[in-house]
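> One predicted model, sequence on top.
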Amino acid sequence: MRMAYLFVSNVQHEEVAHRRGEVPSHRLFFAVELRELGHDVHLCPWRVPSWVPGAAQWWKVAQAIWCAVIQGRLDAVVCTHEAAANAPLLLKAMGVLRVPVVVLTVAATGEPYRADDLAGRVRRRLLREADRLCTFSSAQVRQLAEILGIDERRVSFVPLGVDTDFFRPRVGRPRLDYVLAVGTNEGKDYPTLVRALSPGERLVVVTDEDNISQARAVMSDQDVTFRSHVPISELREMYLECRVMVLPLRDIGISTGQTVLLENLAAGTPVVVSDIPAVADYVGGGANPVVVPPGDVAGLRRALQSVGSAGADDTTPPRSAKDSADLLAGLIRRETVRGSS
């Protein structure tokens with residue numbers, strides 16, 4: 001199949017970095033694996049100069065126009081995020097873009113898409129134009145169909161897979177005595193983690209400024225180091241050396257925590273994760289990860305104390321990105337067949 005792959009921002013530098021072995025393939029949302037499966041995957045070559053006001057938004061528009069220009073050579077358009085889908089879905093609603101559009105959703109079950117204001121209604125109206133919507137959580141399939149008022153059969157669960165060559169265990173490597181927590185967005189609950197630390201426990205948190213502010217607000221004398229914008233190659237080393245990875249999550253109805261969870265399971269790192277629907281498809285079947293109720297300070301503290309530093313022997317390996325790409329390709333093909341009939 002011939003497909004255009006649309007992103008929130010220009011990812012050509014990520015493509016180059018992946019070829020150098022510097023970033024995992026799943027940063028490109030299965031584009032690499034689809035190519036390996038024999039599909040012709042195109043990324044937008046157009047650029048918008050950074051000095052142009054609103055360059056990031058104009059680039060999304062340019063990307064959609066590029067799709068419309070080359071659609072005669074395409075079987076489908078794949079949008080890797082709702083924010084990447086707005087412009088092409090508008091063109092589809094106008095009758096300008098006529099090839100099937102498949103959208104990988106991350107936040108479409110969150111509050112902005114449920115809101116009854118003008119922005120919420122516009123978001124829902126545009127997503128209804130998609131031929132196929134995909135979620136990374138089976139719990140979100142029915143939710144998304146109900147939010148948009150569409151047939152549930154137009155929404156599919158695609159289990160998230162990761163680059164299991166980039167992330168893999170290193171047998172015999174000693175682990176250091178610190179707790180690691182990684183992840184951005186409003187789905188993280190670092191205040192609960194800070195409160196759950198035992199005296200003397202060292203914690204390193206890699207996140208954004210908003211989450212750092214929330215965590216600092218509940219701190220007293222805990223030993224916590226905050227970092228931001230850590231390269232993925234360095235994060236991989238931290239995964240392999242920490243005593244345990246902790247993913248304290250809030251159930252806010254969006255995909256959250258899944259990628260970091262799967263990267264660490266692939267690396268053989270002991271993991272403690274909050275029991276929310278977004279990660280339910282990726283836990284169970286082994287002693288790792290340890291699952292605790294969200295917001296449970298005492299339960300999280302007990303889990304941290306129970307996890308050893310030797311590594312996670314009883315871990316079910318996560319799905320590979322190539323397996324996920326194969327499933328996604330089947331869904332895309334179904335839409336191309338439907339569109340041509």
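Perfect, I can see it now. Numbering: from 1, shown residues only.
> Which other helices and strands does the helix or strand bottoming out on mean pLDDT in the chain contact?
One helix or strand of the chain scores below all others by mean pLDDT, DSSP states H and E: helix 321-340, with a mean of 89. The contact analysis (3 or more CB pairs under 8 Å, 6 or more residues apart in numbering; DSSP states H and E) places helix 321-340 against helix 31-36, strand 76-79, strand 101-104, strand 132-135. For every residue, glycine as well, the C-beta is placed using N, CA and C.
> which regions of this structure sit below the pLDDT cut-off?
285, 308-314, 339-341 (pLDDT under 70).
> Pick out the residue closest to the middle of it.
T259 (5.3 Å; CA atoms, centre = their mean).
> what about that one, which SS state?
Here T259 is recorded as helix under DSSP: H, G, I helix; E, B strand; the rest coil.
> So it sits against H26, correct?
Yes. Counting by CB atoms under 8 Å, T259 touches H26, with 7.1 Å between them.
> between those two, what contacts are shared?
Each of 160, 162 lies in contact with both T259 and H26 under the rule CB atoms under 8 Å, 6 or more residues apart in numbering.
> coming back round to it: out of the helices and strands packed on helix 321-340, deepest packed?
strand 76-79 (a mean of 28; mean count of other CB atoms under 10 Å).
> Which neighbours in the sheet does that strand have, and how are they oriented?
Next to strand 76-79 in the sheet, as set by DSSP bridges, lie strand 2-6 (parallel), strand 101-104 (parallel).
> following it, which helix or strand shows up next?
Sequence-wise, the next helix or strand downstream of strand 76-79 (DSSP states H and E) is helix 82-93.
> contacting residues around that following helix?
With CB under 8 Å, 6+ apart, helix 82-93 has contacts from 6-8, 60-61, 63-65, 67-68, 77, 79, 97-98, 101, 103, 105-108, 113, 123, 125-127, 129-130.
> taking those one by one, which sit in strands?
If you go by DSSP state E, those have 6, 77, 79, 101, 103 in strands.
> Would you confirm that the second one contacts V103?
No. Contact criterion CB under 8 Å: V77 and V103 do not qualify, at 9.1 Å.
> now for the strands paired with strand 76-79, which one comes closest to N185?
N185 sits nearest to strand 101-104 of all the strands paired with strand 76-79, at 16.1 Å, using CB to CB.
> Let me see the ranges of the strands in the stretch 151-300 of the chain.
155-157, 179-182, 202-206, 223-227, 244-247, 271-274, 290-292 (DSSP state E, counting those that start in this stretch).
> which helices and strands does the fifth one pack with?
Helices and strands touching strand 244-247, as assessed by 3+ CB pairs under 8 Å, 6+ apart, comprise strand 179-182, helix 258-266, strand 271-274, helix 297-306.
> returning to that earlier point: got the ones in strands among the contacts of helix 82-93 as JSON lines, with distance to P289 columns?
What follows is the ones in strands among the contacts of helix 82-93, written out as JSON lines (distance: CB to CB, whole Å):
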{"residue": "L6", "distance to P289": "32"}
{"residue": "V77", "distance to P289": "35"}
{"residue": "C79", "distance to P289": "30"}
{"residue": "V101", "distance to P289": "35"}
{"residue": "V103", "distance to P289": "29"}
